[in-house]
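Trainee: what shape does this take:
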Amino acid sequence: MTGASDESAVNAWLALDRLHCLVTSAVSDALAVRDSVCTEELTLLQLLREAADGRMRMSELADAARTTNSRATRLVDRLEFRGHVVREACGDDRRVVFACLAAEGRRALAEIDSALAPVIHEAFASAAARRWAADLTTTP
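Mentor: Below you'll find the predicted structure:
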């Protein structure tokens with residue numbers, strides 16, 4: 001059975017997707033200008049910051065970031081090279097490796113947060129974003 005409710009649900013999803021793309025693009029552009037981390041690396045850093053002790057198993061980090069283990073490994077390699085992340089072996093199981101947010105990573109996140117806040121506010125304040133947000137709020 002299809003109807004207005006189905007069409008509204010699809011339209012809400014499209015509005016949400018467009019809004020996500022608009023903000024992600026603005027964030028990506030701002031990060032590129034700053035010669036900073038990419039959005040995928042930023043996602044990993046944010047996940048580590050949110051983790052209880054600032055660390056996650058590599059496999060859990062990949063799952064949380066909705067990426068593959070090999071992609072997460074490459075991203076962590078780049079973050080580790082910059083000093084944002086360190087790897088730690090698990091004492092109980094040598095096969096397990098943790099990615100841990102380093103002090104430099106916390107400092108970088110603080111700077112990135114400050115730089116991105118106005119970019120994100122501006123993206124959400126745009127006419128397109130307001131229109132798509134309105135589409136979301138009118139969905140039954």
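Trainee: any regions of the chain where pLDDT drops low?
Mentor: 1-4, 137-140 (pLDDT under 70).
Trainee: and the residue nearest the centre of it?
Mentor: What sits nearest the mean C-alpha location of the chain, by C-alpha atoms, centre = their mean, is residue 43, with 3.1 Å.
Trainee: that residue and residue 49: what is the separation?
Mentor: Separation of residue 43 from residue 49 (C-beta to C-beta, to the nearest Å): 11 Å. Yep, even glycine has a C-beta here, placed from its N, CA and C like the rest.
Trainee: same check on residue 77?
Mentor: Separation of residue 77 from residue 49 (C-beta to C-beta): 19 Å.
Trainee: more neighbours, these two?
Mentor: Each of residue 77 and residue 49 had its neighbours counted (other C-beta atoms under 10 Å), and the higher figure belongs to residue 49 (14 against 11).
Trainee: check which helix or strand covers that one.
Mentor: Assigning secondary structure by DSSP states H and E places residue 49 in helix 39-50.
Trainee: mind listing the strands for this structure?
Mentor: Assigned by DSSP state E, the strands in the chain fall at 55-57, 85-89, 97-101.
Trainee: out of those strands, nearest to residue 39?
Mentor: Closest of those to residue 39 is strand 85-89, at 16.0 Å (criterion: C-beta to C-beta).
Trainee: show me the contacts for the residue lying closest to the residue nearest to the centre of the chain once chain neighbours are set aside.
Mentor: Excluding the flanking residues, the one nearest residue 43 by C-beta to C-beta, 6 or more residues apart in numbering is residue 65, at 5.2 Å. The contact partners of residue 65, by C-beta atoms under 8 Å, 6 or more residues apart in numbering, come to 40, 43-44, 47, 72, 75.
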